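*Asks:* Got a predicted model here, sequence first, then my questions.
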Amino acid sequence: MVQLIGRRLIQLVPTIIIISMLIFGLQQLLPGDPALVMAGEERDPEVIEQIRRQYRLDQPIPVQYFYWLKGVATGDLGESMRLKEPVARLVMQKLPVTLQLASMAMIIAILIGIPAGVVSAVKKDTVWDYLANILSLWGISTPNFWLGIMLIFLFTVKLGWLPASGYVSPFVDPAQSLKTTILPAFVLGNAIAGILMRHTRAAVLQAMNSDYVRTARAKGLLEGRVVLRHALRNALTPIITIGSLEFGTLLSGAVLTEQIFSIPGFGKLIVDAVFNRDYAVVQGVVLVTSATYILLNLVADIGYILVNPRLRTS
Amino acid sequence: MRRTARLLISAAAFAGLIAGAQAQTHLRIGLAEDPDALDPTQARTYVGRIVFASICDKLFDIDAKLNAVPQLALSHETAADGKTVTIKLRPGVKFHDGEALDAEAAKYSLDRHMTMQGSFRRSELSQVEKVEVVDPLTIRIVLKTPFAPLIAQLTDRAGMMVSPKAAQAAGDKFGQNPVCAGPYKFVERVQQDRIVVEKFADYWDKGNVHIDRITDLPITDSTVRLANLKGGQLDIIERALATDIKDIRATPGLKLATALELGYQGLTINVGKGDAAKGPLGADARVRQAFEAAIDREALTQVVFNGEFKPGNQWVSPQNSYYQESIPVPPRDLAKAKKLLAEAGVKGKVEVDLMTPNNPETRQVAEVIQAMTAEAGFDVKIRVTEFATSLKEAEAGKFQGYILAWSGRTDPDGNIINFAMTNAPNNYSAYSNAEVDAALTEARTLNDPAQRKAAYRKVAQRLAADLPIVYLYHRIVIIAHRDRVEGYSQMPDGLVRVTGLKLK
Amino acid sequence: MSASVAALAAEPAIESPRRRAWRRLKRRKGAMVGLAVIVALVLMAVFAPLIAPYDPAQQSWSAVRKAPSAAHWFGTDEVGRDLFTRVIYGARASLMAGVISVVLATSLGVPLGLTAGYGPAWLDLIISRVTDAMLSMPFLILAIALAAFLGPSLSNAMIAIGVTATPIFVRLTRGQVMAVRTEDYVESARAIGNPRWRIALRHILPNVAPQILVQMTLTIATAIIAEASLSFLGLGQQPPAPSWGSMLNSAQRFLTNAPWMAVWPGLAIFVAVLSFNLLGDGLRDAFDPREK
């Protein structure tokens, strides 16, 4: 087990290096000059030259990459050209926001997706099954940004029940914080609920057809108990796997949702940085979210093995 | 340290909630974008200036007629030869860190603007030879040549004073914790989320500061910004949409403040750079005149902006004292457009590669222009290009038309010289005309407004014929606020001035 | 759709797998509904000029942002164009982007996946690590960066989406190859001295084709959303040609004054994505050997 984890951790290193090279290379492909973007209306050629020198934009790409890598090795993610702030600090500022939004979305997804999946499996081929399937398809097929716009229209513009945005930290005002994040969290959770429901359904169906559930049934245990105790417990592993992967995607995948609701999280940070050619921010933040994603992947795999002792030997 | 500060703030907020106390007054402003670094020397964004308006006072401010009025300075006097300007400072002014604003500090701030690495103020003060300290409250600015726009420059970021002590300590990180001499001092900033400032107890004009704390919240979506204002989560929003004005007027509890902007929206035509300029549009002024004649500016502003924005044809708006009344906004004239095209001898449709910034409003303007000019025989291809790419393409001359907005400067010089002078940095059209160059250079040395206006007339006439830029319209600054905010008035520069404001 | 099933699946038997799959697919109501809607959307896109009541680029400045009426069923947009017409024409951009980008992703991803799964180990190592890296990066950010690099146009958006979706197919193909490489028929083909590439193409590919087909259908759904997202950000279809995504982008500013502008294009995306998801689900079940 320890060996396995060790091996997987070592595999992470080349993957992360490849990620960093991909991000770096991709950015160099982007048209546009960061110094020009920074200058905007104030185009003073001499100052633009100064900025190029200051951020080593005048040096060859491998040299830039080397300096960046050297910084990362010593825990320095560089500095935002636009904001003159260390990238590490930006990451720390956005982390709580993104975690809050992702957690709320996951909770919503679990509350909808798992019960729907269980009901649909237990009541297979009944009207409940169809309803749950429709719910799941709805979640998977709705474009996030459209759902976001529609919810803003309904709850903010028409009904005036919820503020559309203006993120408030839960440490400042818990009630307001909930109000400002509930809509985006629902938009994100809605999509994941659809995915969770399908996996739950499949897993529960499979578990119900397995020998031990048949045995339990044969022993005369009540149907509901059988499902809950045996089937669901065994179905939990794929659900955990999917759940943690989806959580990983939420860290940086909520790009448009954050944009529409003006939620200052990782997604908005990256997109704004891409459009402003704020290279250090793109590099730093994508590196952090990608590494977290891969780590969550690993955690999910380990969890999978821990819950299924049979896999441990193989 | 910061963390404790944050905890204290939240604790204070909680205490406020529990006591239900109305002691602290708090103004919340919704910004249309997230500002860049809050260092007056390094800053470049329009939205950043709105934040500076509450934390960094300038040597001079402007009034509604764009005259310079005293702020941190009391007076200015230009020598007879126009080459030195003596400025008297206001006595007893303190920076947020308690340091005194004296002549040395003023000299330091101006020198910093002129010499710091990466300073975007350098070109604004490029005519300044040096700054001298005359006495503790007087500085003398020595100019290379007479420079009429100087005082106007000092009404904006170039006139903002920073605490020398704090600026020396922070270097180019000054923007993380700016220390100026404005009515509010910087408390904290969370990128893309909020900027918090609080009342500065030792402000020189503290009798006029009535609100304890201000939070600036960047909310990029205009619908969301307005919805938050309606819901009472914001007190003021900047850059509301022209198409929402009717709605704002109809909503009880909301008030509107507007002013015609200093800048313009124009369509820059590549007349001299690269292959793109060699098409009929770039090569022949008659084709450009035909293009302009095909555009109905009145209908354009009507369709896209509900008629709220004002058609224009010069680098200043028709309300500006430097507007040349002898060259009025031309009406649409399709017959003239077709005739001009025939004279120019073009056959078939004139293709135009129109680079358009990536925002829905500008795209809509481009689509309307596309439809209008099609009727005269143009085939406009819209190329929506994101900001960063468009700057690069513009510099490389890879466009035929480029829809470009200019945020505007108080002095007319700032709206034209960098666009029309040969090889000037913003001269994307690569326009070059010796007569225009001479007139523009002359105009900025003339301190007499009538003489200046006469010099600009030559430029305006030339440009109206050559059309390196087709000026389209002038936006209005649209600020909406709740009626609990009292005493708000809007200046043309778009800033949200907070002194004198009261909260009901 | 069934034609490509036929092309990919071979192996004659008493009842051929493709025939069995088609028989099973026909039984699934959801999948048939999905298929029908897709066919309808394709017809709508192809015959748009015949169906649409107006010219999609025709502006009418006296009828700007008008609510739905008898003359304009879906209302008009910000320059007075008929929204019903633009939604119909918008199907072209969406369907083309969905299908072409996925075909691109498949034609890049499947060979790479075959190579990784059945080629030399060092190649597998490189391909797999790059695939892992790309999959760990946010999909939309990658697509945005690529689209910005290539320049804004519908075809470039398709390429960007296609390249971004490639790793999905690499990983799927590689996984499937790993699963079948030790099967008897592969082993025996090797025993009689077939070269590797031949085994990969003749024996392995046909056996992994059904899974790839299912994945293609589901990825088309994702790609349609991706195209809409890029156009929403101004990196896709160029004006005045309509795209559902850019229509939503324009609509966002007029949510208070003209909410109908946001409703129709969004619904259209939803219906298109839903149909591909329904069909994909049906295909998955139809190919599933465990299902009866």
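*Replies:* Received it, and whenever you're ready, just let me know what you need.
*Asks:* For whatever residue of chain B ends up closest to chain A, the count of nearby residues, please.
*Replies:* Proximity to chain A, evaluated over chain B using Cβ to the nearest Cβ, is greatest for B:A388 at 3.4 Å. Glycine gets a C-beta too; all of them are placed from N, C-alpha and C. When neighbours are defined as other Cβ atoms under 10 Å in any protein chain shown, B:A388 has 23 of them.
*Asks:* where's the closest residue to it other than its chain neighbours, which helix or strand?
*Replies:* Excluding the flanking residues, the one nearest B:A388 by Cβ to Cβ, 6 or more residues apart in numbering or on different chains is A:G32, at 3.4 Å. Assignment of secondary structure by DSSP states H and E places A:G32 within no helix or strand.
*Asks:* Assign the residue of chain B closest to chain A to helix, strand or coil.
*Replies:* What DSSP: H, G, I helix; E, B strand; the rest coil gives for B:A388 is helix.
*Asks:* residues contacting the nearest residue to B:V329 once chain neighbours are set aside?
*Replies:* Nearest residue to B:V329 in three dimensions, chain neighbours excluded: B:N313, at 4.6 Å (Cβ to Cβ, 6+ apart). For B:N313, the contact set (Cβ atoms under 8 Å, 6 or more residues apart in numbering or on different chains) comprises B:R297, B:I327, B:P328, B:V329, B:P330, B:A464, B:Y471.
*Asks:* Let me see the backbone angles for the residue positioned nearest the centre of chain A.
*Replies:* Note on chain A: the residue nearest the mean C-alpha position is A:L250, at 1.6 Å, using Cα atoms, centre = their mean. Phi and psi for A:L250, reported as degrees, to the nearest 10, are phi -60, psi -30.
*Asks:* Which residues lie in contact with it in this structure?
*Replies:* Neighbours of A:L250 in contact, by Cβ under 8 Å, 6+ apart: A:T98, A:L101, A:A102, A:A105, A:M106, A:L188, A:I192.
*Asks:* Nearest to chain B among the residues you listed?
*Replies:* Nearest to chain B among these is A:T98, at 11.9 Å by Cβ to the nearest Cβ.
*Asks:* Wasn't that closest one part of a helix?
*Replies:* Yes - looking at A:T98 with three-state DSSP, it is inside a helix.
*Asks:* coming back round to it: with respect to B:A430, which of the contacts of A:L250 is nearest?
*Replies:* Distance to B:A430 across the contacts of A:L250 (Cβ to Cβ) is lowest for A:T98, with 45.4 Å.
*Asks:* Spatially nearest residue to A:L151, not counting backbone neighbours?
*Replies:* Closest to A:L151 by Cβ to Cβ, 6+ apart is A:L183, at 5.0 Å.
*Asks:* Contacts only, for the residue of the stretch 201-314 of chain A at minimum distance from chain B.
*Replies:* Minimum separation of the stretch 201-314 of chain A from chain B (Cβ to the nearest Cβ) falls at A:P264, amounting to 3.9 Å. By Cβ under 8 Å, 6+ apart, the residues touching A:P264 are A:Q93, A:K94, A:V97, A:Y167, A:E258, B:V190, B:Q191, B:Q192, B:D193.
*Asks:* which residue ranges form the helices in chain C?
*Replies:* Taking DSSP state H, the helices of chain C run over residues C:2-8, C:17-27, C:29-46, C:48-51, C:83-118, C:121-136, C:139-150, C:154-180, C:184-191, C:196-199, C:205-232, C:244-252, C:260-287.
*Asks:* most tightly surrounded among those?
*Replies:* helix C:244-252 (a mean of 27; mean count of other Cβ atoms under 10 Å in any protein chain shown).
*Asks:* still on that earlier bit, how would you label the residue nearest to B:V329: helix, strand or coil?
*Replies:* Classification of B:N313 by three-state DSSP places it in coil.
*Asks:* now do B:R140
*Replies:* Three-state assignment for B:R140 (three-state DSSP): strand.
*Asks:* Just grab the bridge partners of it for me.
*Replies:* With DSSP bridges applied, B:R140 shows beta-bridge pairing to B:T86, B:E132.
*Asks:* State the number of residues packed around it.
*Replies:* Neighbours of B:R140 under the rule other Cβ under 10 Å: 17.
*Asks:* now the one 10 residues further on
*Replies:* If you count neighbours by other Cβ under 10 Å, B:L150 ends up with 25.
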